[in-house]
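Asks: Quick one, structure for this:
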Amino acid sequence: MNIYIISWECKGLRCPDMKIDLMSGETPADVALIQMPNGTGKTTILNLIRAALTGKVSQWTKEDIKSYRRHGDNHPQGSFILNLQVDDELLTFKLMFNFEEGIVDSRPSYSDSEFDKSGGITDYDKLPINIRRFLDPKFVRLFIFDG
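Replies: Numbering: from 1, shown residues only. Have a look, this model is predicted:
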């Protein structure tokens, strides 16, 4: 099984609004090193990627969630979208922040037609086991790390 992070997008969060595409034509990058100046969101992005992959965002407190709101911003919502390529299928994780209520809606969407005939949103525990085993928090920290 090949799993690649192919893109992510942030809007309305404490890091700058951005879309990062790690595809090189039709092929995902084998290794990606992201360099940004201090204070521009590197740690925030890493935390969001880890939270999206592991589902640990469901354990965040209201204060944790509200801490992702951009300083001085009063927008009620923010989002983080992470796209993975799993073999030839697309696996998307969306974290939809509601800062007013201090909640995050987080569920993956998997396009494998053999797994989910609707190709739609599912729960983490309903993802195929061959994918779920790579989303364990201890394993995720091995390949999403601060450099």
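Asks: List the contacts of Trp8.
Replies: Taking CB atoms under 8 Å, 6 or more residues apart in numbering, we find Trp8 in contact with Lys19, Ile20, Ile45, Leu48, Ile49, Phe80, Ile81, Leu82, Asn83. Every residue, glycine included, has its C-beta placed from N, CA and C.
Asks: So which of those residues belong to helices?
Replies: Those of the contacts of Trp8 mapping onto helices are Ile45, Leu48, Ile49, per DSSP state H.
Asks: List only buried entries from these.
Replies: Restricting the ones in helices among the contacts of Trp8 to buried positions leaves Ile45, Leu48, Ile49, with burial counted as 16 or more other CB atoms under 10 Å.
Asks: farthest residue from the center of this structure?
Replies: When each C-alpha in the chain is compared with the mean C-alpha position (CA atoms, centre = their mean), Gly72 comes out farthest, at 24.0 Å.
Asks: what helix or strand is that one on?
Replies: Following DSSP states H and E, there is no helix or strand that holds Gly72.
Asks: Any figure for the gap between it and Lys66?
Replies: Remark: distance between Gly72 and Lys66 (CB to CB, to the nearest Å) = 14 Å.
Asks: can you count the residues close to Pro128?
Replies: Pro128 has 17 neighbouring residues, counting by other CB atoms under 10 Å.
Asks: For Met96, list each beta-bridge partner.
Replies: As for beta bridges, Met96 partners with Ser79, Asp105 under DSSP bridges.
Asks: need the contact list for it.
Replies: Neighbouring residues of Met96 by CB under 8 Å, 6+ apart: Gln77, Ser79, Val104, Asp105, Ser106.
Asks: Distance of the first one relative to Asp136?
Replies: For Gln77, the distance to Asp136 equals 29 Å [CB to CB].
Asks: same thing with the fourth one?
Replies: Separation of Asp105 from Asp136 (CB to CB): 22 Å.
Asks: May I see the buried residues of the helix or strand harbouring Ser109?
Replies: Assigned by DSSP H and E, Ser109 belongs to strand 103-110. Residues of strand 103-110 classed as buried: Ile103, Val104, Ser106, Arg107, Pro108, Ser109, Tyr110 (neighbour count, 16+ other CB under 10 Å).
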